[in-house]
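>>> Structural data only, the sequence is not supplied:
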């Protein structure tokens with residue numbers, strides 16, 4: 001067991017767990033924040049890529065570049081939807097729904113890879129969605145307007161895009177992590193540039209910019225670097241455990257710094273979601289093997 005890699009992965013997940021708090025302090029809407037984040041990540045990680053000399057040995061294949069471009073679209077949409085969810089709902093609730101992504105990976109596998117979902121996987125999926133209803137509140141589902149304004153749709157779309165990112169990236173084997181991220185963040189810049197409202201930057205304070213730069217260089221650049229430097233040296237089961245440091249930190253910060261106080265039903269919903277996901281990860285059926293094998297190879301897309 002590589003203790004150094006475990007520490008790096010734990011630190012990266014703990015840092016990413018604070019992204020919800022940072023996002024709420026930036027003063028920027030989701031699209032503009034993700035745009036800046038892509039710029040910062042491109043500068044930081046491409047710089048490391050060149051410093052380490054990885055760009056000299058990179059092997060570019062048309063098929064993998066195309067898959068990476070598609071993957072880049074998914075990961076950018078994943079970020080935008082997640083940040084939009086943060087704008088209208090509690091960080092804890094948004095993160096809980098966001099972490100439904102592994103369940104969606106199982107669903108995608110059953111549809112596109114003919115991997116049949118067993119009884120346990122189906123039950124875990126049903127329990128997760130039931131948990132989602134509890135944490136959002138049954139009242140939010142009584143009308144279309146309440147449902148749309150609850151933030152549930154944004155959080156759910158972020159989870160789906162995250163799952164599509166994982167599912168797509170499983171087939172990308174030849175490109176280095178730096179090359180993957182470079183292409184994906186460039187996709188984000190190109191995709192979001194026409195959609196950005198640059199007037200949103202006019203009224204930002206120095207403190208806002210501090211949080212924005214932190215979100216770009218720390219939560220994307222530095223966290224990716226730690227991930228890249230650790231993920232390949234750890235077994236899948238350790239990765240599966242340590243990625244849950246992210247939601248734990250997010251929920252704790254939400255409670256401590258933003259005074260989030262969940263109701264009893266919301267606590268039950270969070271427990272149901274994460275309990276079902278953990279059960280699915282550590283006690284997989286044959287149809288869930290793709291999920292476990294994919295965790296180690298695609299975890300770098302998480303951020």
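Noted; the coordinates are in hand. Remember, it's a predicted structure, so these values are computed and weren't measured experimentally.

>>> residue ranges with poor pLDDT in this protein?
For the chain, applying pLDDT under 70 flags the ranges 1, 111-117, 137-148, 170, 228-229, 231-232, 235-237, 239-240, 281-303.

>>> Pull the contacting residues for residue 218.
residue 15 (C-beta atoms under 8 Å, 6 or more residues apart in numbering). The way it works is simple: take the backbone N, C-alpha and C, and place the C-beta from them, glycine included.

>>> Distance check, it against residue 122.
Using C-beta to C-beta, to the nearest Å, one obtains 39 Å as the distance from residue 218 to residue 122.

>>> And for residue 271?
For residue 271 relative to residue 122 (C-beta to C-beta), the value is 20 Å.

>>> Next: residue 98.
For residue 98, the distance to residue 122 - C-beta to C-beta - is 21 Å.

>>> Neighbour count for these two, which is higher?
Neighbours were counted for residue 98 and for residue 122 using other C-beta atoms under 10 Å; residue 98 has more, 27 against 15.

>>> From what I see, that one and residue 157 are in contact.
No. Counting by C-beta atoms under 8 Å, residue 157 is not a contact partner of residue 98; they are 9.9 Å apart.

>>> for this structure, which helix is longest?
helix 62-88 (DSSP state H).

>>> Give me every residue in contact with the next helix or strand after that one, excluding its own residues.
Next helix or strand after helix 62-88 toward the C-terminus (DSSP states H and E): helix 91-98. For helix 91-98, the external contacting residues (C-beta under 8 Å, 6+ apart) are 20-21, 24, 82, 85-86, 131-132, 135-136, 151-152, 154-156, 158-159, 162, 246-247, 250-251, 253-255, 258, 260, 262, 266, 269-270, 273-274.

>>> ditto for stretch 256-265
21, 24, 90, 91, 92, 134, 135, 137, 251, 254, 255, 270.

>>> a markdown table for these, including secondary structure and distance to residue 75?
Formatted as a markdown table, these follow (DSSP: H, G, I helix; E, B strand; the rest coil; distance: C-beta to C-beta, whole Å):
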| residue | secondary structure | distance to residue 75 |
| --- | --- | --- |
| 21 | helix | 21 |
| 24 | helix | 21 |
| 90 | coil | 24 |
| 91 | helix | 20 |
| 92 | helix | 23 |
| 134 | helix | 29 |
| 135 | helix | 25 |
| 137 | coil | 30 |
| 251 | helix | 23 |
| 254 | helix | 23 |
| 255 | helix | 28 |
| 270 | helix | 25 |
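
>>> got the residues you listed as a markdown table, with distance to residue 230 columns?
Shown next, in a markdown table, are those (distance: C-beta to C-beta, whole Å):
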| residue | distance to residue 230 |
| --- | --- |
| 21 | 24 |
| 24 | 28 |
| 90 | 30 |
| 91 | 25 |
| 92 | 26 |
| 134 | 35 |
| 135 | 31 |
| 137 | 38 |
| 251 | 23 |
| 254 | 26 |
| 255 | 28 |
| 270 | 27 |
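
>>> Of those, just say which sits nearest to residue 63.
residue 91 (38.2 Å; C-beta to C-beta).

>>> Please tell me how far that closest one sits from residue 262.
Distance of residue 91 to residue 262, computed by C-beta to C-beta: 11 Å.

>>> When those two are compared, which one has more neighbours?
residue 91 (26 against 18).

>>> Name the nearest residue to that one, ignoring sequence neighbours.
residue 20 (3.5 Å; C-beta to C-beta, 6 or more residues apart in numbering).

>>> likewise residue 173?
Among residues not flanking residue 173 along the chain, residue 64 sits closest, at 7.6 Å (C-beta to C-beta, 6+ apart).

>>> residues near the one you found, how many?
19.

>>> you'd agree it is up against residue 172?
Yes. Contact criterion C-beta under 8 Å: residue 64 and residue 172 qualify, at 5.4 Å.

>>> Next, find the distance separating the residue in the chain sticking out farthest from the centre from residue 49.
Distance from the C-alpha centroid of the chain peaks at residue 56, with 29.6 Å (C-alpha atoms, centre = their mean). Per C-beta to C-beta, residue 56 is found 10 Å from residue 49.
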